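Engineer: Okay, predicted coordinates and the sequence, questions at the end:
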Amino acid sequence: MFAKGTRRGRGALIVVEGLDRAGKSSQCEYLRNFLEESGLSVKYIRFPDRTTSIGRLIDGYLRGQSQLDDHSIHLLFSANRWELAKSIEADIANGINVIIDRYSYSGAVYSAAKANPSLSLEWAWTPEIGLPQPDLCLFLSISPEEAAKRGGFGGERYENETMQSRVRDLFKTLFDLQRGSDIRTVDAGRSLEEVSQDVSNIVTECIARVDPASSLGKLTSF
Ligand code: DGP
């Protein structure tokens, strides 16, 4: 827990990642309430942000209403993060803790999972270089069996077993290549309460460790 009214420097940048149906949105909501009740300022962002003009193009693509070259849509997803980068940095500098539901890690692995020979994981990661680096990335891990128990897929692009299993493997490959990012895997196959307990403990530890006088890092190449 945090002492109420304690004057802090910068906020922490916390990313929540995982496969579809891992419970990201519920855990982000829980985390937001937990931090607010602890007296901290919090902002919640979800990528893709479908409300911007770039986000509307992405939304149409995900719903199958438009077809785009794999590289073009990949760069639009990245541009969607870049268009919010300055405001994320400003919020962090102003002492606001920012929670992001999906970030560059999803960006790279979902595109690389298409198995397009000219779209490698490294190619996919390149446009992310220079974006704000999270202080913590929580990866909500769920087995294919548990995911299946949680119900069928929705109708959007990528919501099928082949893509999801490639995405699962690529997350692991990408996390092994990350330097400087604190990436924690949480077993998300347990009850909501058990997962929330781990999430709040890890985030509390992260916020306590962030040097209030430091500035946010930037994502780097492998
Ligand atoms: P969500 O709104 O969290 O359900 O995400 C929508 C879908 O888009 C989901 O299947 C994951 C995928 N996705 C999220 N971010 C990116 C990205 O940056 N690039 C690609 N190719 N896919 C993404």
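Structural biologist: Noted; the coordinates are in hand.
Engineer: Run through the residues of this structure sitting next to the ligand.
Structural biologist: 20, 47-48, 62, 74, 77, 102, 106-107, 110-111, 158 (CB under 6 Å from any ligand atom). Quick note: C-beta positions are derived from backbone N, CA and C, even for glycine.
Engineer: Out of the residues you listed, give me the two with the largest separation.
Structural biologist: The most widely separated members of these, counting by CB to CB, are Asp20 and His74 (18.2 Å).
Engineer: higher neighbour count, those two?
Structural biologist: His74 (22 against 17; other CB atoms under 10 Å).
Engineer: So Ser104 sits against Glu128, correct?
Structural biologist: Yes. In terms of CB atoms under 8 Å, Ser104 counts as a neighbour of Glu128; the distance is 3.8 Å.
Engineer: Tell me where the protein has strands.
Structural biologist: 13-18, 42-46, 97-101, 136-141, 183-187 (DSSP state E).
Engineer: hang on, the earlier thing: what's the overlap in contacts for Ser104 and Glu128?
Structural biologist: Shared contacts of Ser104 and Glu128 (CB atoms under 8 Å, 6 or more residues apart in numbering): 78, 81, 219.
Engineer: The residues you listed into a markdown table, with extra columns for pLDDT and neighbour count?
Structural biologist: Output for the shared contacts of Ser104 and Glu128, formatted as a markdown table (pLDDT from 0 to 100; neighbours: other CB atoms under 10 Å):
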| residue | pLDDT | neighbour count |
| --- | --- | --- |
| Ser78 | 99 | 22 |
| Arg81 | 98 | 24 |
| Leu219 | 97 | 19 |
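Engineer: Just put those in CSV and tack on distance to Leu170.
Structural biologist: Shown next, in CSV, are the shared contacts of Ser104 and Glu128 (distance: CB to CB, whole Å):
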residue, distance to Leu170
Ser78, 16
Arg81, 18
Leu219, 17
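Engineer: Next, the buried residues of the helix or strand of the chain with the lowest mean pLDDT.
Structural biologist: Between all helices and strands in the chain, the lowest mean by mean pLDDT, DSSP states H and E belongs to helix 144-149, at a mean of 75. The neighbour-count criterion (16 or more other CB atoms under 10 Å) identifies Ala147 as the buried residues of helix 144-149.
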